[in-house]
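*Asks:* Prediction below, plus the sequence it came from.
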Amino acid sequence: MSETLSPLSYVILVLVGPGGAGAHDLVRMVRQGRVYQSGAESQYYAETKRLARLGYLDAHKGPGRTRERTHYTLTEKACDALREWSRQPVRFPRFETHAIVRLLAADLVGEAPVRDSLQTMRHDIADLAARLDVAEAMAETLPHRKKYLLLNHRLARRLLQAHLDWLNEIERELRPRRRRRR
């Protein structure tokens with residue numbers, strides 16, 4: 001078993017935070033904040049167990065709604081790893097999006113189907129914006145993280161707006177041209 005921490009490892013350690021969390025809590029947070037992070041829910045369960053085995057998380061069994069749940073808290077080893085990680089340089093994030101590639105296919109498949117398929121992103125953006133509304137309200141309940149959460153939420157809203165602006169531009173640029181009558 002590798003003791004290497006992955007980007008997901010750090011996501012989990014940060015989400016567990018000072019109050020601790022269960023893997024089910026992490027999955028709920030990721031579902032709510034899917035504008036930031038995505039992935040298979042099973043990864044969060046497996047990675048919390050791995051981090052506990054490696055000594056980054058303490059695991060405590062406790063009652064749950066329907067069955068016993070494991071609640072994880074950070075160990076000093078985790079706090080040390082987070083402090084070291086926080087000093088590492090951060091690179092600009094990649095835009096790994098199928099929408100960009102889809103637009104590049106317009107000369108191969110036609111502009112109309114690409115334009116129409118990209119416009120369906122508007123529904124997803126509306127859903128993400130609604131999730132941000134909930135997340136902003138939730139930030140009020142986490143005073144120790146409120147400032148950081150709201151900074152992230154403002155960035156997320158700007159990214160959503162940038163995508164809406166891009167979709168508007170695509171709609172304008174790929175609109176069928178009317179032919180002039182002579």
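*Replies:* Ah, there it is.

*Asks:* Any idea how far the helix or strand that contains Arg102 is from the middle of the chain?
*Replies:* Arg102 belongs to helix 98-104 when elements are defined using DSSP states H and E. Taking C-alpha atoms, centre = their mean, to the nearest Å, one finds helix 98-104 lying 20 Å from the centre of the chain it belongs to.

*Asks:* Give me the buried positions along that helix.
*Replies:* 99, 102-103 (16 or more other C-beta atoms under 10 Å). Placement of C-beta: from N, CA and C, glycine included.

*Asks:* residue boundaries of the strands in the chain?
*Replies:* In the chain, the strands defined using DSSP state E lie at 21-22, 57-62, 69-74.

*Asks:* before we move on, the earlier item: what packs against the helix holding Arg102?
*Replies:* Helices and strands touching helix 98-104, by 3 or more C-beta pairs under 8 Å, 6 or more residues apart in numbering; DSSP states H and E, are helix 111-119.

*Asks:* Leu151: neighbour count?
*Replies:* For Leu151, the neighbour count with other C-beta atoms under 10 Å is 11.

*Asks:* confidence score at it?
*Replies:* What the model reports as pLDDT for Leu151 is 94.

*Asks:* Look up how far Arg67 lies from it.
*Replies:* 37 Å (C-beta to C-beta, to the nearest Å).

*Asks:* can you list the domains in the protein?
*Replies:* Domain segmentation of the chain under automatic domain parsing yields 7-86, 98-173.

*Asks:* Distance from the chain centre to the last one, please.
*Replies:* Between the centre of domain 98-173 and the centre of its host chain there is 12 Å, according to C-alpha atoms, centre = their mean.

*Asks:* okay, how far is it across it, tip to tip?
*Replies:* Chord length of domain 98-173, first to last residue, is 19 Å (C-alpha to C-alpha, to the nearest Å).

*Asks:* Mind listing what's buried along the helix ranked longest in the chain?
*Replies:* For the chain, the longest helix by residue count, based on DSSP state H, is helix 146-173. Buried residues in helix 146-173, defined by neighbour count with 16+ other C-beta under 10 Å: 149, 152-153, 156-157, 160, 163, 167, 170.

*Asks:* How about residues contacting the lowest-mean-pLDDT helix or strand in the chain?
*Replies:* None of the helices or strands of the chain scores lower by mean pLDDT, DSSP states H and E than helix 23-32, at a mean of 81. Under the criterion C-beta atoms under 8 Å, 6 or more residues apart in numbering, residues 12, 15-16, 21, 37-39, 41, 44-45, 48-49, 64, 69-70, 72, 131, 134-135, 138 lie in contact with helix 23-32.
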